[in-house]
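Visitor: need a 3D model of the sequence below.
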Amino acid sequence: MATSSQSSKSVYTIPSGTPFADVLTKGLLDQVAGNPLALTGYTLLLPTRRAVRSIREAFLRMSGGEPLLLPNLIPLGDLDEEEILLSGWPGGGMFAAEDLPPAIPDLRRQLLLTQLVHAKEKTTVPIDQSARLASELGRLLDQVQTEQLSFDSLAGLVPAELAEHWQLTLDFLEILIQEWPDILAEEGYLDPADRRNKLLEAQTRNWQTSPPPGPVIAAGSTGSIPATAQLLNLVAALPDGRVVLPGLDQTLSDAEINALEETHPQYGMYHLLERMELSPADVQLWPSPQEKLNRHRAAVINTALRPAVSLGAWRDQKPLPASAFDQIDYLECPSPEEETGIIALIMREVLETPGKTAALITPDRDLARRVSAQLHRWDIKIDDSAGTPLALSPPITFLRLCATLVSGEFRPVNLLEFGKHPLAACGYDPAEFRHLMRLLEVSVLRGPLPAPGLEGLRNQVETQDGPDALLLVLDALEEKTARLRDIFAQGNGSLRSTVEAHIRAAEDLAATDNQDGPARLWAGDAGEAAAAFIAEVLDSAEILKVIKIRAYPALLDSLLADRSVRPRYGKHPRLNIWGLLEARLQHADVMILAGLNEGTWPPEVQGDPWMSRPMRKRFGLPSPERRIGLTAHDFVQAFCASHVVLTRSRRVAGTPTVPARWLLRLAQFFKAHEKYPALLPSKPWDRLQTLLDKPDSVRPVDPPAPRPPVRARPRRLSVTQIETWMRDPYAIYARHILDLKPLPPLEQEPDAADYGTLIHRILDAFADRYPAELTADLPDDAEAELIALGRQRFQNVLFHPAAWAFWWPRFLRIANWFVSKEQVDRPEIKQIWSEVFGTLEFDGTEGTFLLTAKADRVDLLTDGTLRIIDYKTGAAPSASEVKAGFAPQLPLEALIAGESGFNDIPAASVAALDYWRLRGSVPPGEVIQVGTKAAQLAEEARDGLLALIRLFDQNDTPYEARPRPDKAPRFSDYEHLARVREWAVAGEENGSPDF
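Guide: Numbers count the residues shown, from 1 in each chain. Next up is the predicted model:
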């Protein structure tokens, strides 16, 4: 660090703990007291346009709302800005801007680099991945040009023994070294960072020869950009120039200064002072009243974050007053949900004090959106000033859905996503269109995947005998997407024709019966931002003359990355949500610093896709840790507010988090000073937040026990539903009385139930082909015939990987076992009935009750008795469950058979009740015999069913949910409706009487 001999340079600081913008503007107003017009001769150089807005607002506050002629406020710009505005520079700075080519628009540069990458990789990389690589190349360009480096030194960057691997990267970077400069010159543009450097360098040279006539003040910048640092050095040396640094800690010793690392909050400013050949002693306090200065708060954080070489001096330092630790709240929350709720509550509480302000500062945009949503419970409308991703805005979401809809050939998931978007109307009234989409969902889209395209959907509607209104809405979709579908059908095409067809389709699909599509699609701030983005794409679309159209939706997503839309209006007068950039130079009475976890704030150190750390250092690029130092300075500045709240979540998405390193330092600092209070909240915010949604009293919900009138109760059930009736009566109530049927999933994959159905149908077909009365002995090729039957019925599902890999091999093993079993049993079988339907009537107290059944197989044995078989591809009931009456299917089928209730089967005694478990594993199949007392089981089943019918023929008998938890069904479509998990946690309920 230089000595204090360079006093000719005017460098000031506004300490942490003071509102930077207010103190700066108050000092300027004091300097021109009595002559407010003198301000027009001042020039203020500020870091960003956001900082310009902050200073304007501060002048308004400091002047008490009086009209004021402001200084010339000029943003130096940063990499977030798309163009640097240097108009109005004193001393003739405009000449530089006029002589330089314009900055290339970001999107045009990305598309040009995308074309280069795609050509370099010989189209082996999809166009959307090429666009993402192009974005990374653009970032590398910005970094290199910002640091005023040249790509010429890349070739000799790596030692020879390591050069082979590096050569691959270097070959790729030839895009930037050889091709990009020529393309840029041909386009007539400069890279944004290069143009900014040239403008700043030109202004620096101009002021060196022709100093400006009025005062020039560069405030709020830390000189992290070399060209900016050069300009700041010149401004500090101007006769009437001053540089004002934000929050310089002048208490650091020489040893501490020399030990500063890039992650330290003071590193950037001390690096700037070193470039300016100044020492901390050369830096003066900004001349302004400092009554708002919170010196002790600044001392707390500056001491806690001192370099490691001086941490041992914590105990030896002069004690700080207890007030230094006042109004520091630390809240560690279980999850982001609790964190957002507490933050919203704190911000709401601030409004109870007239004039008091609060601001949430966080780099976590998801957290910011959640807090904004939480505040809606109090009708507080507040937007995230850092903006929301443009890709998530309603217009762009709709555009993406339209592209995916056509690209995916109207797959059910894509069609429903599109159809339920608020902008979707397709020429209908929006409410009517949503109704039709819901009807289409229930009628067609649920269940197995239909054939591709609108024709497949149309066939499904006709097969299901759906209403004509559904065919009409499909016709409308076909008409409005015709051009875009033609583009996608071509396979390859230009970006321009694709975008134009896409926009035309989206506008037509957004149109209602009384409003044009463009008026709906491009309305509001988000619509204007979306329109501007599309206009940018069209302005540069000629670059990509040929793309694979199927990749267009993914390309669109790549181009949308890192774009935001910011609200222009609707700012809350006392509450704000800021990102780290927006928070710079800002102030509020309560500053809430949220998301203080490693990886969020500070950000995770990202690896460079192009160079290793040693390579970056040799090349001259700053280390990735420098970004942590910048965010650390943001943390320190915000921490020094009069009231600061620090929050973090212990888990995010179920994953444990690590507290921000600054929190750990603060905790250790507090621990080292035992007499000071710990980091605890001033109020029990977590408990208060819980109380917001806590009911006045909590009464455990009772299990549902509906008692519909007898006339509404079912008078017909199948034998399988009788088992459900016994185990879970509520499911019968929901299915047969409320008529609630579960919707099948979208694009349903074949599941275990489908597998079971396939096996049943194959065995039924085999029984039809080889009936026992004609073929007492099976032919030698019976197994081959069974496999052939299976292949016919499997053909519709074998394209599913699981069916081909698992189901078919299992079936082959089942076929071998089944035929072997049949060859043994056939001599004892006289006749076989497969999939036979039967009924039996019972006399209930309120009328006839009809029992139905479809037996998988009934064998008439040579001794005149019957054997009833039920195929099971899954688990089969145990013999004890059957005997106990909780698996009454086979006994009830025996009862029907004994009463001659099955079609074409004469009355006969039932000798055997068997489950054939067909698993296809080892063994492939097994026979589970219920027992030899089939007649007794049938009579017991009759008595049990009659008792059940008569019990539920009484109005006061409820349809309980799971009356016997130990006998409850393993799966139920109605468990959530019965709210089982809500009332079952209190303990196992008392069982109802057995039937």
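
Visitor: and Glu262, which of the three is it?
Guide: Secondary structure, DSSP: H, G, I helix; E, B strand; the rest coil: Glu262 is coil.

Visitor: so how far is Leu663 from it?
Guide: As judged by Cβ to Cβ, to the nearest Å, Glu262 and Leu663 stand 20 Å apart. C-betas here are computed from N, CA, C, even on glycine.

Visitor: same deal with Ile177?
Guide: Note on Ile177: its distance to Leu663, by Cβ to Cβ, is 44 Å.

Visitor: what's the answer for Gly925, then?
Guide: From Gly925 to Leu663 the distance is 63 Å (Cβ to Cβ).

Visitor: just Ser135 next, same as before
Guide: Taking Cβ to Cβ as the measure, Ser135 falls 33 Å from Leu663.

Visitor: got a list of what the closest residue to Leu331 other than its chain neighbours touches?
Guide: Nearest residue to Leu331, sequence neighbours excluded (Cβ to Cβ, 6 or more residues apart in numbering): Thr647, at 4.6 Å. Counting by Cβ atoms under 8 Å, 6 or more residues apart in numbering, Thr647 touches 330-333, 339, 342-343, 592-596.

Visitor: who has more neighbours, Ile177 and Leu663?
Guide: Between Ile177 and Leu663, Leu663 has the larger neighbour count (other Cβ atoms under 10 Å), namely 21 against 14.

Visitor: please identify the helix or strand for that one.
Guide: helix 661-672 (DSSP states H and E).

Visitor: ok, now Glu256?
Guide: helix 254-258.

Visitor: ok, and for that helix, which residues are buried?
Guide: 256-257 (16 or more other Cβ atoms under 10 Å).

Visitor: contacts for that helix, please.
Guide: Against helix 254-258 from outside (Cβ under 8 Å, 6+ apart): 1, 270, 280, 306-307, 309-310.

Visitor: closest one of those residues to Glu846?
Guide: Nearest to Glu846 among those: Arg306, at 86.4 Å, using Cβ to Cβ.

Visitor: my guess is that closest one meets Leu252, correct?
Guide: Yes - between Arg306 and Leu252 there is a contact under Cβ atoms under 8 Å: 7.5 Å.

Visitor: name the residues contacting each of those two.
Guide: Contacts common to Arg306 and Leu252, judged by Cβ under 8 Å, 6+ apart, are absent.

Visitor: quick one: list the elements packing against the helix or strand hosting Thr690.
Guide: Using DSSP H and E, the element containing Thr690 is helix 685-692. When contacts are defined as 3 or more Cβ pairs under 8 Å, 6 or more residues apart in numbering; DSSP states H and E, helix 685-692 sits against strand 328-333, helix 336-350.

Visitor: measure how the first one sits relative to helix 685-692, angle-wise.
Guide: Between the axis of strand 328-333 and that of helix 685-692 there is an angle of 60 degrees, by axes from the mean of the first three to the mean of the last three Cα atoms, to 10 degrees.

Visitor: how about the longest one?
Guide: With the same axes, to 10 degrees as the criterion, the two stretches helix 336-350 and helix 685-692 enclose an angle of 90 degrees.

Visitor: tell me which helix or strand comes right after helix 336-350.
Guide: strand 358-361.

Visitor: and that next one, how far out from the chain's middle?
Guide: A distance of 24 Å separates the centroid of the chain from that of strand 358-361, by Cα atoms, centre = their mean, to the nearest Å.

Visitor: pairing partners for that strand, with directions?
Guide: With DSSP bridges as the test, strand 358-361 is paired with strand 575-578 (parallel), strand 590-593 (parallel).

Visitor: residues touching the first one, excluding its own?
Guide: By Cβ under 8 Å, 6+ apart, the surrounding residues in contact with strand 575-578 are 347, 350-351, 357-362, 368, 371-372, 375, 380, 382-386, 586, 588.

Visitor: which helices and strands does the helix or strand following that strand pack with?
Guide: Scanning forward in sequence from strand 575-578 by DSSP H and E, the next helix or strand is helix 580-583. With contacts taken as 3+ Cβ pairs under 8 Å, 6+ apart, helix 580-583 sits against strand 358-361, helix 626-639.

Visitor: what's across from Leu866 in the sheet?
Guide: Leu860, Val910.

Visitor: Ile301 is in contact with Ala324, correct?
Guide: No - assessed by Cβ under 8 Å, Ala324 is found out of contact with Ile301, at 9.9 Å.

Visitor: more neighbours: which of these two?
Guide: Ile301 (26 against 20).

Visitor: doesn't that one lie inside a helix?
Guide: Yes - the assignment for Ile301 by three-state DSSP puts it in a helix.

Visitor: which residues touch it?
Guide: 16, 636, 639-640, 662, 666.

Visitor: would you map the helices across the stretch 751-900 of the chain?
Guide: In the stretch 751-900 of the chain, the helices defined using DSSP state H, counting those that start in this stretch lie at 752-769, 782-794, 801-802, 808-825, 879-884, 889-898.

Visitor: which of the contacts of helix 254-258 are buried, as a PyMOL select command?
Guide: The buried subset of these, as determined by 16+ other Cβ under 10 Å, is captured in PyMOL by this line:
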select buried, resi 270+280+306+307
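
Visitor: quick one: the helices in the stretch 401-550 of the chain?
Guide: Counting by DSSP H, counting those that start in this stretch, the helices of the stretch 401-550 of the chain are 412-419, 430-440, 453-463, 468-480, 482-489, 495-510, 517-521, 524-540.

Visitor: so which of those is nearest Ile127?
Guide: With Cβ to Cβ, the closest approach to Ile127 among those belongs to helix 495-510: 9.0 Å.

Visitor: now that closest one and helix 524-540, what's the angle there?
Guide: Orientation note: helix 495-510 sits at an angle of 150 degrees relative to helix 524-540 (the same axes, to 10 degrees).

Visitor: packing partners of helix 495-510?
Guide: If contacts are counted by 3+ Cβ pairs under 8 Å, 6+ apart, helix 495-510 sits against helix 394-407, helix 468-480, helix 482-489, helix 517-521, helix 524-540, helix 552-560.

Visitor: now do 7 Å
Guide: Packing partners of helix 495-510 (3 or more Cβ pairs under 7 Å, 6 or more residues apart in numbering; DSSP states H and E): helix 394-407, helix 468-480, helix 482-489, helix 517-521, helix 524-540.

Visitor: so for Asp768, which of those helices sits nearest?
Guide: Across the helices and strands packed on helix 495-510, Asp768 has its closest neighbour in helix 468-480 (36.9 Å, Cβ to Cβ).

Visitor: quick check: domain ranges of this protein?
Guide: Taking automatic domain parsing as the reference, the chain has its domains at 11-101+199-293, 106-189, 322-387+570-692, 389-565, 710-738+750-980.

Visitor: thinking again about what came up before, buried subset of the contacts of strand 575-578 as a PyMOL selection?
Guide: Buried members of these, defined by 16+ other Cβ under 10 Å, are picked up in PyMOL with:
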select buried, resi 347+350+357+358+359+360+361+362+368+371+372+375+380+382+383+384+385+386+586+588
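
Visitor: ends of stretch 533-553, how far apart?
Guide: This stretch, stretch 533-553, spans 15 Å end to end (Cα to Cα, to the nearest Å).

Visitor: and that stretch, what's buried?
Guide: Counting neighbours by 16+ other Cβ under 10 Å, stretch 533-553 gives 533-534, 536-537, 540-541, 543-544, 547, 549, 551-553 as buried.

Visitor: again, but for stretch 224-239
Guide: For stretch 224-239, the neighbour count (16+ other Cβ under 10 Å) marks 224-238 as buried.

Visitor: what residue lies at the spatial centre of this protein?
Guide: Asp366 (8.8 Å; Cα atoms, centre = their mean).

Visitor: where does the stretch 651-800 of the chain have low pLDDT?
Guide: Residue ranges of the stretch 651-800 of the chain with pLDDT under 70: 674-679, 772-776.

Visitor: over to the stretch 501-650 of the chain?
Guide: Applying pLDDT under 70 to the stretch 501-650 of the chain flags the ranges 569-570.
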